[in-house]
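Student: Dropping a prediction and its sequence here:
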Amino acid sequence: MILVNKNFKRPEIKNMKDLQTAEKIASMPARLEQTIQRTETADKRNGHNEHLTSGRLLARNTVWNLIGSGAPMIVAVFCIPILIRGLGTDRFGVLTLAWTLIGYASLFDLGLGRALTQLVAKKLGAGEDREVPTLVWTSQLLMLILGVVGTAIIILSSPWLVHSALNVPDPLEPETLQAFYLLGLSIPVVISTAGLRGLLEAHQRFGLINALRVPMGVLTFAGPLLVLPLSKSLVPVVGTLVVGRIVAWAAHLLLCLRVVPELSRSVAWERAAVGPLLRFGGWMTVSNVVSPLMVTLDRFLIGALVSMTAVAYYATPYEVVTKFWLLPGALMGVMFPAFSASFAQGGERSALLFGRSVKSIFLVLFPVMLCTVALAQDGLKLWLGPEFAQQSFRVLQLLAAGVFVNSLAYVPFAFLQGVGRPDLTATLHLIELPLYLGLLWWLISTRGIEGAAIAWSARVGVDALFLFLLAKRFLPGKNPISLRTALLPSMALLILALAALLQGPLVKGLFLLGTILCFVLVTWFRILTPEERTLAQSYR
């Protein structure tokens, strides 16, 4: 704002020079205002929203994501046994299908929630905040249309699913059908919530997101539990899930209006935004469909080629070790919009965030995976008995190495999608799928469940290699992907392989103690930069 002094006196004009001086003085407020406007515009373009990629904010939001994902899992451990006893195995089986359907309902949005996060973060990074409300309402209207289509699909297919496709016991068919109808009606709400959450993610408001995610996750398991004393029917049980999603949608909407007050001024449709949203979301959908296939195909093929007992020996260590995805998942949920915003600001910051993300995941997960590999047989024997451990410990060791490499690959995967190239990740997955299927079939046929673990780990290793190579093309400035960076995971895998060969508790204990001590020293003095050591000390 320009303040004008009302007591300002024009200088007395005696000659031409005085006239020119007076004109300059008179024009000063206008010129000053233009300078301020240009400065504000430049500031907005070059870092008005730079706080969205600050290290402290990203670290704090990662912790929020870990809490938001971990708390419902803890509640589930206590609630699921009670639900099984209260509902019975058959009804609980239907309830698990309801959980799955709600969890994967976002597939009906064709990736628009993720697309909205990327595009809004990009706008914020470029200082184009004014375009955000129109983009949000355009995506919400598209999601409403897709939600109605999803509802129609669920409702129309429910009779076939209940009466023919699923082995639902005859007495449970009526209430199961009604429960599926309820779930179908909730699809638009679930899809819209994904879009609203995407807007909050773009603004790095993960504290608010997880303040809602925790009670939503708890209600998913505790809600049906509260209904048990009143009724064991699936209709009220599933009804609690639907009501919970409606309340969550309303809460997300209120928070979005608080974070972006401009949303309340008008609901607008921008035709030009439809194309970018659908293109980005379409490629996201390809990855969202193909990736789960590559994650679950191994267990189906083991069941078909070996036995269902072998599925249990494989699936149990798989479910244990893949829980470590919680860390890279929490971090990349934060980094995805940060990559979009920082890349729009020039990209130097995105290269720095990329390198630190890879380093953080490596430094946290390597000691954990080292202990998992070295103690796999002993841990499984203590937990599930000697016979189960003998059948599964090699699978656990192989999968642990794969999960370690795959966790590092989360970074280039999120980076490529964050900079607006989900087509590259989707194309890579489409190429991998038939090759992986052939390798999986051959190795299961020849080596059983250990062959399945080898195929899975080999696939994620190749996937990681190509993702890093693709990301290297878009990283500006000092590229964080160097020969030294590539050697660290290779050395880590060699150490994991050595740990898998150890025998005896004393040897394993000494090896782990010595290796982790060396790892800490090498990390502090060789891997971390002086700036990163200073940053680490500041968090104490």
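Tutor: Done, it's in.

Student: Can you report how many residues lie near residue 203?
Tutor: Using other C-beta atoms under 10 Å, residue 203 has 21 neighbouring residues. For the C-beta atoms, the positions are set from N, CA and C on the backbone; glycine is no exception.

Student: how near is it to residue 454?
Tutor: 43 Å (C-beta to C-beta, to the nearest Å).

Student: Residue 144 and residue 224: what is the separation?
Tutor: Using C-beta to C-beta, we find residue 144 at a distance of 28 Å from residue 224.

Student: More neighbours: the two, which one.
Tutor: residue 224 (27 against 14).

Student: Helix or strand: which one has the more buried one?
Tutor: In this assignment (DSSP states H and E), residue 224 forms part of helix 206-227.

Student: List the buried residues of the host helix or strand of residue 342.
Tutor: According to DSSP H and E, residue 342 maps onto helix 326-344. By neighbour count with 16 or more other C-beta atoms under 10 Å, helix 326-344 contains the buried residues 327-344.

Student: now the angle between helix 326-344 and the very next helix or strand once past that helix, please.
Tutor: Sequence-wise, the next helix or strand downstream of helix 326-344 (DSSP H and E) is helix 348-374. On the basis of axes from the mean of the first three to the mean of the last three C-alpha atoms, to 10 degrees, helix 348-374 is oriented at 170 degrees to helix 326-344.

Student: Let me see the mean pLDDT of helix 348-374.
Tutor: Throughout helix 348-374, pLDDT has a mean value of 90.

Student: do the same with stretch 488-498
Tutor: 90.

Student: What residues sit buried inside it?
Tutor: For stretch 488-498, burial by neighbour count (16+ other C-beta under 10 Å) applies to 488, 489, 492, 493, 495, 496.

Student: same check, this time on stretch 137-153
Tutor: Neighbour count says stretch 137-153 has 137, 138, 139, 140, 141, 142, 143, 146, 147, 150, 151 buried, by 16+ other C-beta under 10 Å.

Student: Return the distance of that stretch from the chain's centre.
Tutor: The chain centroid and the centroid of stretch 137-153 are separated by 22 Å under C-alpha atoms, centre = their mean, to the nearest Å.

Student: cool, and stretch 390-397?
Tutor: The answer for stretch 390-397 is 29 Å, by C-alpha atoms, centre = their mean.

Student: Could you shift the numbering so residue one becomes 13, and keep it that way?
Tutor: Sounds good: first residue 13 from here, last item stretch 402-409.

Student: tell me which residues in that stretch are buried?
Tutor: Quick answer for stretch 402-409 (16+ other C-beta under 10 Å): 403, 404, 405, 406, 407, 408, 409.

Student: same deal with stretch 77-93?
Tutor: 77, 78, 79, 80, 81, 83, 84, 87, 88, 91.

Student: Spatially nearest residue to the first one (excluding sequence neighbours)?
Tutor: Nearest-residue entry for residue 77: residue 342, 3.5 Å, with adjacent residues in sequence omitted and distances by C-beta to C-beta, 6 or more residues apart in numbering.

Student: swap in the third one?
Tutor: If the residues on either side of it in the chain are set aside, residue 79 comes closest to residue 222, at 6.0 Å by C-beta to C-beta, 6+ apart.

Student: surely residue 326 meets residue 407?
Tutor: Yes - between residue 326 and residue 407 there is a contact under C-beta atoms under 8 Å: 5.7 Å.

Student: what helix or strand does residue 168 sit in?
Tutor: For residue 168, the enclosing helix or strand under DSSP H and E is helix 144-172.

Student: The helix or strand following that helix vs helix 144-172, what angle?
Tutor: Of the helices and strands lying after helix 144-172 in sequence (DSSP H and E), the nearest is helix 185-214. Counting by the same axes, to 10 degrees, helix 185-214 points 160 degrees away from the direction of helix 144-172.

Student: Return the set of buried residues in helix 185-214.
Tutor: Those buried within helix 185-214 under the rule 16+ other C-beta under 10 Å are 187-196, 198-214.

Student: Could you name the helices and strands sitting against it?
Tutor: Helices and strands touching helix 185-214, by 3 or more C-beta pairs under 8 Å, 6 or more residues apart in numbering; DSSP states H and E, are helix 101-115, helix 124-137, helix 144-172, helix 218-239, helix 246-271, helix 338-356.

Student: The first one to helix 144-172, inter-axis angle?
Tutor: Inter-element angle recorded for helix 101-115 and helix 144-172: 150 degrees (by the same axes, to 10 degrees).

Student: Can you name every helix or strand that the helix holding residue 236 contacts?
Tutor: The contact analysis (3+ C-beta pairs under 8 Å, 6+ apart) places helix 218-239 against helix 67-99, helix 101-115, helix 185-214, helix 246-271.

Student: and with 10 Å instead?
Tutor: Applying 3 or more C-beta pairs under 10 Å, 6 or more residues apart in numbering; DSSP states H and E, we find helix 218-239 packed against helix 67-99, helix 101-115, helix 185-214, helix 246-271, helix 338-356.

Student: Which one of the ones you listed lies nearest to residue 303?
Tutor: Nearest of these to residue 303, taken as C-beta to C-beta: helix 338-356 at 12.8 Å.

Student: Let's test this: mean pLDDT of that closest one, rounded?
Tutor: In this model, helix 338-356 has a mean pLDDT of 87.

Student: Then stretch 72-80?
Tutor: In the prediction, stretch 72-80 has an average pLDDT of 85.
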